[in-house]
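[1] how would this look folded up:
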Amino acid sequence: MAHELTGILYEDKESPPGYLVFCPEMDVLTQGDSVEDAQEMIRDAVEGLLEILPAEEIERRLSGPPVSLPEKFEEFDEEDQMSIVEVGRFSFAVEVPVSESAIG
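    Below you'll find the predicted structure:
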């Protein structure tokens, strides 16, 4: 089943070219050298995660509240956090495996 997800694109002003992209519904953060590369990387990362996560975990992530990026940025020190700015949002679709419990 196709599911629409959100990608939030950030530019790292300190080390161009560099973009971070975050999918809050699946709690996935990755990066790319260009906007297009970052968009492709988040699709690949989410699709890879969907292949290995148990169906229950996929359902939990998709039905729960999205994770906020500030929680992810806690890994960075304050100087790194200040150099990262949001530059856009986009939607992308991925095929989500349907669990037997969802089928009924």
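[2] In what element of secondary structure is Gln39 found?
    Per DSSP states H and E: Gln39 is located in helix 35-52.
[3] Over that helix, what's the mean pLDDT, rounded is fine.
    The average pLDDT for helix 35-52 rounds to 95.
[4] and what of stretch 55-74?
    80.
[5] Restricting to C-alpha, output that stretch in CSV.
    The C-alpha trace of stretch 55-74 is given here as CSV (Å, rounded to 0.1, in the frame of the first residue of the first chain):
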residue,chain,number,x,y,z
ALA,A,55,5.2,-4.7,10.7
GLU,A,56,4.3,-3.8,14.2
GLU,A,57,7.1,-1.2,14.4
ILE,A,58,6.1,0.2,11.0
GLU,A,59,2.5,0.6,12.2
ARG,A,60,3.7,2.2,15.4
ARG,A,61,5.8,4.8,13.6
LEU,A,62,3.1,5.6,11.0
SER,A,63,0.3,5.9,13.6
GLY,A,64,2.2,7.7,16.3
PRO,A,65,3.1,11.4,16.6
PRO,A,66,5.9,12.4,14.2
VAL,A,67,9.3,12.9,15.8
SER,A,68,10.6,16.5,15.9
LEU,A,69,14.0,17.2,14.4
PRO,A,70,15.2,19.1,17.5
GLU,A,71,15.3,15.8,19.2
LYS,A,72,17.7,14.6,16.5
PHE,A,73,19.8,17.7,16.7
GLU,A,74,20.5,17.0,20.4
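[6] which residue is nearest the middle of this structure?
    Nearest to the mean C-alpha position of the chain, counting by C-alpha atoms, centre = their mean, stands Cys23 at 2.1 Å.
[7] so how far is Met26 from Leu69?
    The spacing between Leu69 and Met26, counted by C-beta to C-beta, to the nearest Å, is 13 Å. Where you see a C-beta, it was placed from the backbone N, CA and C, and this is true even at glycine.
[8] In terms of neighbours, single out the busier of those two.
    In this view Leu69 and Met26 are compared by other C-beta atoms under 10 Å, and Met26 has more residues nearby, 23 against 17.
[9] Give me the three-state assignment for that one.
    coil (DSSP: H, G, I helix; E, B strand; the rest coil).
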